[in-house]
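> could you look at this predicted model? Sequence included:
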Amino acid sequence: RTEPQDERTALTKEAFQRDFFNNLFYILGKFPTLATKNDYYQALAFVVRDRMLQRWISTAAAYTKQGSRTVAYFSAEFLMGPHLGNNLVNLGIHDEVRKAVTELGLDFNELLLEEDEPGLGNGGLGRLAACFIESLATLQIPSLGYGIRYEFGIFHQEIVDGWQTERTDKWLRFGNPWEIPRPEWAVHVKLGGYTEPYRDEFYRHRVRWVPDRLVAAVPYDTPILGYHTNTANTLRLWKAEAPESFDFAVFNRGDYYGAVMQKVSSENLSKVLYPNDEQLQGKELRLSQQYFFVSASLQDMFRILKIQKIPVERFHEKFAAQLNDTHPAIAVAELMRLLIDENVVPWEQAWDITRRTFAYTNHTLLPEALECWPLPLFAKLLPRHLEIIFEINARFLDEVRIRFYGDEERIARMSLIDERGERYVRMAHLACVGSHAINGVAELHSELLKQDVLRDFYELWPTRFGNKTNGVTPRRWMALSNPRLTKLVSSHIGDEWITDLSQLRRLEPLAEDAGFRQQWLDVKRACKCDFAAVALKKTGITIDPDSLFDVQVKRIHEYKRQHLNILHVVALYHRLRSNPNVDITPRTFIFGGKAAPGYHIAKLIIKLITSVGDVVNRDPAVRDRLKVVFLPNFNVKNGQRIYPAADLSEQVSTAGKEASGTGNMKFSMNGALTIGTMDGANIEIREEVGAENFFLFGLTTPEVGALKASGYNPANYLDGELKEVVELIRSGFFSRGDAELFRPLIDGLVHHDPYLVFADFDSYSKAQQQVSAAYQDRDHWARMSILNSARSGKFSSDRTIREYCDDIWKAPAVPIRLLT
Ligand SMILES: CCc1ccc([C@H](C)CC(=O)N[C@@H]2O[C@H](CO)[C@@H](O)[C@H](O)[C@H]2O)cc1
């Protein structure tokens, strides 16, 4: 722990208990008899928050004083998860506070579970942003996370009769102790309207944007604590409000609704997170949301420049801005507008500043996820930006024309404007043209970007392209989620591994130690027991902690192939039914993940999983050797419970489709073995842990390409066990005889199967047999499990962030001395 604190923030048990009751009394106005569990949680949260504020203020003061170069991470999603536990670990007071609270007769774990997690993201991209800003703080890199403070985050998933149903996420209903509103730094954001050229008092050509509405953007700041450092960076999320929340004049005219209409329509901008993962929904509100937080954030950065008396011409020296996919790509045009229209910087200089400021990370190759906005919508919402984009495009295409003389097709392919149909703005192209660095999130993905989706840009600017393989924070995903494993590891190699994950390598020799292997297995079994209790509570299904926990948790998507997994489960079940005495390794198949509300096939896959579970879990012939569990509402909190409890991590996407994956890293770190394809970061995990400690199957990316090119017919694979499995499902066996229910899914596979489920089924099934055989030898399994964890050092987000800093952001660490 760092420097001593003052009385109010002392780190003693007594101080925690004193402040706990003071907060209950002075902040929540409650005394124990009347206090609810949530009151106790809030009271504890404020105890912890107070101990963070000194760091937060000291950090802000140091950055302001030193004018430190700052990383601005632009993301439409931050999937932060619950704050309390993480802040206790990073402050280094987790166990003391647990003691303090337990002594008061309260259940510490229950208080932690009381927190409504901020689910301001869909999946991988949003969670990566959360891991990144935690690593930036731990590495003491000055940074700001910029995003949207959605009033309603990702929906809560309830499974009703086996179907996903969505419930509104009212995460703010009890307030949020971890944020501080900063109305004093609110800015206005323009939308709609028209532009007009004019000459200013110096007779210079200028353009005026006359919007048809203004929205107020109010920042809410959340401290992001580093691990065992004095650094607390800021996550600044914008809330939309009406400039005038109540128009009295309109009210006086007796038009009450008119008086509040502006309020309602403005607040819509930060009302709700779009729950689509990798599916574009070209809604006007979505583009408005993107522009809203981007404009507010860039205006905020100009405000910071002003405070630090840094001229706007040096914007790029102060800030390194990362575009988390194309969702904030409008920032390229917005920075140009602010430089040219608001600060009268000449175009060329403004463009140079813009390109030196931005870098772009691509997270998906799926064509349906690449954002293209219809021109009419763009013209209506952002008329000035469209003008600027046209100018950027004209100058860019000039460069391309010269470089690739006479190649008009290339011009059409590379243009920021897709001239087909109603014409579209290609946001990925805007991001590439406006950035000095472009990266994918795993080696294969970055290669495929260069070979395929962004090939033309790579040929034009090869040096701009790079790779930054994803990582995850070991603080939340090991130290907080798996305290038993953390204790065991630290008792053998010390605890530096928590900030230097490569030190886990020192566990390798212990894999040969039978005693350590047994301790390792005991830890895993204890985590499995914990999870079994959670599964029973949430699904009513009893699972056996000695069975193999085979886990697939991630968003439901056909390319992630949850349906391949459940087809294999049906094959195992069929094998058992055909020969009840067959020797089978008892397995518990655990699924979890949300489907985008409009993604019907994904919802049908969930229904198939729950339907198969209903039959298998009740079939006496199975004798509990197979269990299928669908864990509802997979989120960060549930992730923290499932990753430590897994024996097998399912990473079975079609090769070339999963950009990286990050769940795969969390599983491996916690000693789960991976069954997976040569896709995304699976390839690098297998490289690190050793092919002998990884269950590989399936076609590689080139083989997928070749099979598709040769005219893939899934029906050719419909024989043997797969045929029986498909027939069983088709017959309505898992749907109370209703042969229609799963027809769309089965017909889609038999006639199209775009993700090659049938082509990979046999190889997958064989790999699963290897898994069952390997699990029989628990001692050898323990060795492989230890080696998976020992060799997962590369997949720390600290390593990833160091690479971004060295190669792209060039932002040095700034150690913080606490202000007393
Ligand atoms: C327009 C709708 C939309 C929404 C979100 C997205 C994200 C890019 C989807 C996403 O989360 N991608 C995941 O990003 C992770 C972090 O890099 C990767 O590990 C996953 O492989 C990738 O699917 C695309 C399109």
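The structure has been received and is ready for your questions.
> can you name the residues that contact residue 589?
Contacts for residue 589 (Cβ atoms under 8 Å, 6 or more residues apart in numbering) come out as 550, 552, 565-566, 569, 626-629. For the C-beta atoms, the positions are set from N, CA and C on the backbone; glycine is no exception.
> ditto for residue 366
Residue 366 is in contact with 278, 559, 657, counting by Cβ under 8 Å, 6+ apart.
> one more time with 6 Å, if that's ok
Listed by Cβ atoms under 6 Å, 6 or more residues apart in numbering, the contact set of residue 366 reads residue 278.
> repeat for residue 42
28, 177.
> three-state assignment of it?
Classification of residue 42 using DSSP: H, G, I helix; E, B strand; the rest coil returns helix.
> where's it relative to the ligand, distance?
31 Å (Cβ to the nearest ligand atom, to the nearest Å).
> with residue 158 instead?
To the ligand, residue 158 is 23 Å away according to Cβ to the nearest ligand atom.
> let me see the contact set for the residue of the chain found nearest the ligand.
Residue nearest to the ligand within the chain: residue 124 (2.7 Å; Cβ to the nearest ligand atom). Residues near residue 124 by Cβ under 6 Å, 6+ apart: residue 662.
> cool, and the one 5 residues further on?
The contact partners of residue 129, taken as Cβ under 6 Å, 6+ apart, are 75, 78, 324.
> name the nearest residue to it, ignoring sequence neighbours.
Spatial nearest neighbour of residue 129, excluding adjacent residues (Cβ to Cβ, 6 or more residues apart in numbering): residue 75 at 4.2 Å.
> give me the number of residues near that neighbour?
For residue 75, the count of nearby residues is 28 (other Cβ atoms under 10 Å).
> does it touch residue 322 like I think?
No. Counting by Cβ atoms under 6 Å, residue 322 is not a contact partner of residue 75; they are 8.4 Å apart.
> where do the strands sit along the stretch 351-500 of the chain?
Using DSSP state E, counting those that start in this stretch, the strands assigned to the stretch 351-500 of the chain run over residues 358-361, 372-374, 417-418, 424-426, 438-440, 465-467.
> and residue 189, that one's in a helix?
No. Using three-state DSSP, the assignment for residue 189 is strand, not a helix.
> mind starting the numbering at 41 from now?
I'll keep to 41 as the first residue from here, and by that count the last item is residue 229.
> bridging residues for it?
Per DSSP bridges, the residues bridged to residue 229 are residue 255.
> need the next SSE after the strand or helix carrying residue 789, C-terminal direction.
Assigned by DSSP states H and E, residue 789 belongs to helix 783-791. Remark: after helix 783-791, the chain's next helix or strand is helix 797-816, criterion DSSP H and E.
> for whichever helix or strand comes after that following helix, give me every contacting residue.
Following helix 797-816 in sequence order, the next helix or strand is helix 818-830 (DSSP H and E). Helix 818-830 is contacted from outside by 544-545, 547-548, 551, 557, 560-561, 708-709, 711, 713, 729, 733, 814-815, using Cβ under 6 Å, 6+ apart.
> mind redoing it with 8 Å?
525, 529, 544-548, 550-552, 554, 556-558, 560-561, 564, 687, 708-714, 729-730, 732-733, 814-815.
> quick one: mean pLDDT over the next helix or strand after that helix.
Downstream of helix 818-830, the next assigned helix or strand under DSSP H and E is helix 837-844. Per-region confidence: helix 837-844 scores 98 on mean pLDDT.
> how about TSV for the contacts of residue 629, with distance to the ligand and neighbour count added?
Shown next, in TSV, are the contacts of residue 629 (distance: Cβ to the nearest ligand atom, whole Å; neighbours: other Cβ atoms under 10 Å):
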residue	distance to the ligand	neighbour count
590	21	27
592	14	25
605	17	22
606	20	26
609	24	23
666	29	23
667	28	23
668	25	25
669	24	26
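> which members of the residues you listed are positioned in strands?
590, 592, 666-669 (DSSP state E).
> want to try CSV for those, with distance to residue 793 as columns?
CSV is the format used below for those (distance: Cβ to Cβ, whole Å):
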residue, distance to residue 793
590, 23
592, 19
666, 25
667, 28
668, 23
669, 26
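> wait, isn't residue 261 in contact with residue 223?
No. Using Cβ atoms under 8 Å, residue 261 makes no contact with residue 223, being 11.4 Å away.
> so which of these two has more stuff around it?
residue 261 (19 against 11).
> and the more buried one, what helix or strand is that in?
strand 253-265.
> residue 840 reaches residue 511, doesn't it?
Yes. Residue 840 is in contact with residue 511 according to Cβ under 8 Å; the separation is 3.7 Å.
> anything in contact with each of those two?
Joint contacts of residue 840 and residue 511 (Cβ under 8 Å, 6+ apart) are residue 175.
> so between these two, which is more surrounded?
The neighbour count for residue 840 versus residue 511, taken as other Cβ under 10 Å, is higher for residue 511 (28 against 22).
> residue contacts, that one?
Residue 511 touches 171, 175, 702, 705, 834-841, counting by Cβ under 8 Å, 6+ apart.
> that older thread, need the contacts of residue 169 in CSV (columns: pLDDT, distance to residue 421 and secondary structure).
What follows is these, written out as CSV (pLDDT from 0 to 100; distance: Cβ to Cβ, whole Å; DSSP: H, G, I helix; E, B strand; the rest coil):
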residue, pLDDT, distance to residue 421, secondary structure
115, 98, 21, coil
118, 98, 24, strand
364, 98, 21, strand
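> tell me, which of those make contact with the ligand?
Among these, no residue sits close to the ligand (Cβ under 6 Å from any ligand atom).
> distance check, residue 625 against residue 810.
Using Cβ to Cβ, to the nearest Å, residue 625 is found at 11 Å from residue 810.
> which of those two has more neighbours?
Set residue 625 next to residue 810 and count neighbours by other Cβ under 10 Å: residue 625 wins out with 18 against 13.
> residue contacts, that one?
Residue 625 sits next to 587-588, 811-813, 815-816 when contact means Cβ under 8 Å, 6+ apart.
> tell me, how many residues neighbour the closest residue to it other than its chain neighbours?
Using Cβ to Cβ, 6+ apart and skipping residues adjacent in sequence, the residue nearest residue 625 is residue 812, 3.9 Å away. If you count neighbours by other Cβ under 10 Å, residue 812 ends up with 17.
> equivalent analysis for the one 5 residues further on, please.
Residue 817 sits with 11 neighbouring residues when counted by other Cβ under 10 Å.
> also residue 53?
Counted with other Cβ under 10 Å, the neighbours of residue 53 add up to 15.
> quick check, it in contact with residue 135.
No. Applying Cβ under 8 Å, one finds residue 53 not in contact with residue 135, separated by 10.3 Å.
> so what are the domain limits for this protein?
107-122+157-509+843-849, 534-835 (automatic domain parsing).
> chain center to the first one: distance?
Taking the mean C-alpha point of domain 107-122+157-509+843-849 and that of its whole chain, the gap between them comes to 16 Å (Cα atoms, centre = their mean, to the nearest Å).
> do the same with stretch 653-667
The answer for stretch 653-667 is 34 Å, by Cα atoms, centre = their mean.
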